[in-house]
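S.K.: this one's structure only:
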């Protein structure tokens, strides 16, 4: 590189080349996004494309810049057309997905390991492709992907229900044909605005149905179905997992599986949450960073072995492809391989400044092949991360550390100084002067190399700090939109964990490779990898102890999201312009990130009315109330039935996303009606995410879960208020009456439905009665307290234990809402209850049929409205 080139890099005076493919990718994405929300006949989009192409051809020589804009418009319309031409998803026959057992013949396409199945049992989860399904005396040939969980007793365990010890269990492997009875169901999203699209997530993996059965009922059929190549891949994959568990203790092996092999079956939810809070979740999963580390080690090693750039690049790409095939974690890793190949190709062609163009071309190719990938968070994060590094990070380093890093070359050569910019030449003179003084202690032979090595390490740290900061700022929008997190501790956590990951990845690969030769030889790299892992987990847990690490944010408003996206484009466009323009772009990008992190959107509420919204939490309860002056109350937070152990947290995964989608960042009060897990299970996540000022409750037995909740409330300085029947108080513009339990209520050792806190909220001449799970005996007492209400929150999911004629006669509700799970095994709501409500002239809404339902009480009328899903 010439002297002029380096000086221009340092000053930022030279504008970079255009990146037409990058801008085309953005235009295509914009068109696809608009088209996904505004359907128009495909012919309209096609005509627009043809018009733009004709206009561009006419303008290309007359007005080149205008022609460029017209071409981008054509890409916009093409993106819309590709979305409109999507093939509709073909759903399997709904008649096969009932609560009755069906007999399934299928073959395994993805094997699973044994996991804890709850209640002292064990579980194995498999992905299969069905061959035929028998039901109601007929057999139907059905080819559909299904994810099945088989449950059984742990080997040697004896239970009261089955005194015979469980037999030895075996893992089912890829290609095996199985026959088994199972209950099948279609995947169902929770029908609340802002919820995770579980159905689309499974569809991306080829899964169209879910099911469960017993391990003891599975019959292995003769024959093999599948690819022999995939069979060998799965065997090698399982062999690597077995080797990992042979080299490290189980706790470390679970993390090694996730970080290196992409097998996250053994990772607990608390571990995932700790990595997410610290902003280092990309370390825990196989991501572009992990792949890049391994690729760098391979490329660097080959260079040391005197391989040319071309040979080293080809071998690196081939090994990366092999790694992606081995771990088989789906499209994200293949996108990372593609981006790596593009970056290496740009380097080999000496077109560093065209890297963004190459990245844009790769993204454009992926989008044309599958436009729906645009709406995948993993694609967006991968693409944006590479754009931030290539479009902002590298230009920033070229302005700052890179000229000085180049200045560390050939420090003993004074002749090299004249080819460098004056400030870099002066930097080298200063280094020689410092080295001369250090020579008194180290000798000149060692002082200059030691000083250069120290500075190189410092520059590496500076680069890591710079890139990490840019990533935190540049990814603020997708992190806030999809994960509702601002990783405040991400910068220091990544500074500590990324170097350790760079040590861990090659050490693990070396240990596994040597493990196939000799476990003794593998112990040294395994020990090094174990130390690195301990450093990573120690950093993660330490950073997670800071309260700032768990900063959660509502979904950004559309205008803010659009502004943040524009800010990123501006920052990329100005990255290679003059210093003033570059600083302006960085300031705009930083301001957008600050806005997302610290300025919450305006909550989506209607003033002057009392809102009551039953949130769809399945076979559980959670209700949001918003008073006329905007105060917010959450009654219960859902949870699993019967304390069943689950990696799914209703409070974190269902209730919180709904509240964030409404723009709610803090609750004024949270109500726990009683201590059953389907009301209290999600409460801890809600307290942590929304930091309510008050926690209302009645008397509850001191169970372990309840005491943990009280301890958390104390740690968060939440005021805990215990209420009893007879209490009456104002909250905002609403009057709150407590109708049960009485002050002399006797508790049992475990929570009971009749412990429920029964509340009546009154706004002028309208009221809502919320019963929790109160049963007949409590309802009789409530009926004597003039509980008239326009809206009744039906108790206990519509069970026969509640909603007595006496209560309905006293309440006289015009509207009722039942929170109930779709196709639940209890038969809720019971037909008798629905008939009883119909006879009382009460209009009924249900969360299993209507999703989240809102009622607006204006003091005179009640207006029901199912939540608009988006």
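M.R.: Received it, and whenever you're ready, just let me know what you need. These figures come from a predicted structure and were not determined experimentally.

S.K.: pLDDT weak spots in this protein?
M.R.: Of all residues in the chain, those with pLDDT under 70 make up the ranges 1-18, 87-99, 117-120, 155-168, 350-354, 548-549, 643-646, 868-870.

S.K.: need the longest strand for it.
M.R.: The longest strand of the chain (DSSP state E) is strand 121-135.

S.K.: strand partners of that strand, parallel vs antiparallel please.
M.R.: For strand 121-135, the pairing partners within the sheet under DSSP bridges are strand 102-110 (antiparallel), strand 114-118 (antiparallel), strand 138-141 (antiparallel), strand 145-153 (antiparallel).

S.K.: Dump the ones you listed to a markdown table, plus mean neighbour count and distance to residue 335.
M.R.: Bear in mind the C-beta positions are built from the backbone N, C-alpha and C, glycine included. A markdown table is the format used below for the strands paired with strand 121-135 (neighbours: other CB atoms under 10 Å; distance: least, CB to CB, whole Å):
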| stretch | mean neighbour count | distance to residue 335 |
| --- | --- | --- |
| strand 102-110 | 21 | 20 |
| strand 114-118 | 16 | 29 |
| strand 138-141 | 10 | 35 |
| strand 145-153 | 21 | 22 |
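
S.K.: Of all those strands, which one is nearest residue 545?
M.R.: Relative to residue 545, the nearest member of these by CB to CB is strand 114-118, separated by 27.2 Å.

S.K.: about what we covered before: centre of the chain versus the longest strand of the chain, how much separation?
M.R.: For strand 121-135, the gap between its own C-alpha mean and the chain's C-alpha mean amounts to 26 Å (CA atoms, centre = their mean, to the nearest Å).

S.K.: so which of the strands paired with strand 121-135 gets nearest residue 639?
M.R.: Judged by CB to CB, the one of the strands paired with strand 121-135 that comes nearest to residue 639 is strand 114-118, at 14.2 Å.

S.K.: you'd agree residue 154 is up against residue 121?
M.R.: Yes - the pair formed by residue 154 and residue 121 meets the contact definition of CB atoms under 8 Å, at 6.6 Å.

S.K.: Was I right to think residue 243 contacts residue 516?
M.R.: Yes - between residue 243 and residue 516 a contact is recorded at 7.0 Å, counting by CB under 8 Å.

S.K.: With neighbour numbers in mind, choose between the two.
M.R.: Neighbour count, other CB atoms under 10 Å: between residue 243 and residue 516, residue 243 has more, with 20 against 12.

S.K.: what sits against residue 173?
M.R.: For residue 173, the set of contacting residues under the criterion of CB atoms under 8 Å, 6 or more residues apart in numbering consists of 108, 111, 234, 235, 238.

S.K.: how close does the fourth one sit to residue 501?
M.R.: So the one you mean is residue 235. Summarising the geometry, the distance separating residue 235 from residue 501, computed by CB to CB, to the nearest Å, is 28 Å.

S.K.: Name the residue in these two with the higher neighbour count.
M.R.: Neighbour comparison, residue 235 and residue 501: the larger count goes to residue 501, with 21 against 13 (by other CB under 10 Å).

S.K.: Surely the more buried one touches residue 291?
M.R.: No - at 11.8 Å, residue 501 and residue 291 do not qualify as touching, with contact defined as CB under 8 Å.

S.K.: that older thread, which ones among the contacts of residue 173 are found in strands?
M.R.: residue 108.

S.K.: In a markdown table: the contacts of residue 173, plus distance to residue 835.
M.R.: A markdown table is the format used below for those (distance: CB to CB, whole Å):
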| residue | distance to residue 835 |
| --- | --- |
| 108 | 46 |
| 111 | 48 |
| 234 | 53 |
| 235 | 58 |
| 238 | 55 |
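
S.K.: out of the contacts of residue 173, who's nearest residue 484?
M.R.: Using CB to CB as the measure, the one of the contacts of residue 173 that approaches residue 484 most closely is residue 111, at 33.7 Å.

S.K.: Check the spacing between that closest one and residue 216 real quick.
M.R.: According to CB to CB, residue 111 stands 19 Å off from residue 216.

S.K.: between these two, which one's more packed in?
M.R.: Ranked by neighbour count (other CB under 10 Å), residue 111 and residue 216 place residue 111 first, with 20 against 14.

S.K.: How about the contacts made by that one?
M.R.: Neighbour list for residue 111: 126, 171, 172, 173, 174, 234, 238 [criterion: CB under 8 Å, 6+ apart].

S.K.: Same question for residue 609.
M.R.: Residue 609 touches 628, 763, 856, 857, 858, 859, counting by CB under 8 Å, 6+ apart.

S.K.: For the fifth one, give me phi and psi.
M.R.: In this entry, residue 858 is assigned phi and psi values of phi -100, psi 10 (degrees, to the nearest 10).

S.K.: Chain neighbours aside, what residue packs nearest to it?
M.R.: residue 609 (4.8 Å; CB to CB, 6 or more residues apart in numbering).

S.K.: shouldn't residue 808 be in contact with residue 838?
M.R.: No - counting by CB under 8 Å, residue 808 sits too far from residue 838 to count as a contact (10.8 Å).

S.K.: With adjacent residues omitted, what lies nearest to residue 388?
M.R.: With sequence-adjacent residues excluded and distances taken as CB to CB, 6+ apart, residue 388 is closest to residue 474, at 4.1 Å.

S.K.: Tell me which residues touch that neighbour, please.
M.R.: Applying CB under 8 Å, 6+ apart, we find residue 474 in contact with 384, 385, 388, 392, 568, 571, 589, 593.

S.K.: so what's the last one closest to, chain neighbours aside?
M.R.: Read it as residue 593. Setting aside the residues directly before and after it, residue 593 is nearest to residue 476 in space (CB to CB, 6+ apart), at 3.8 Å.
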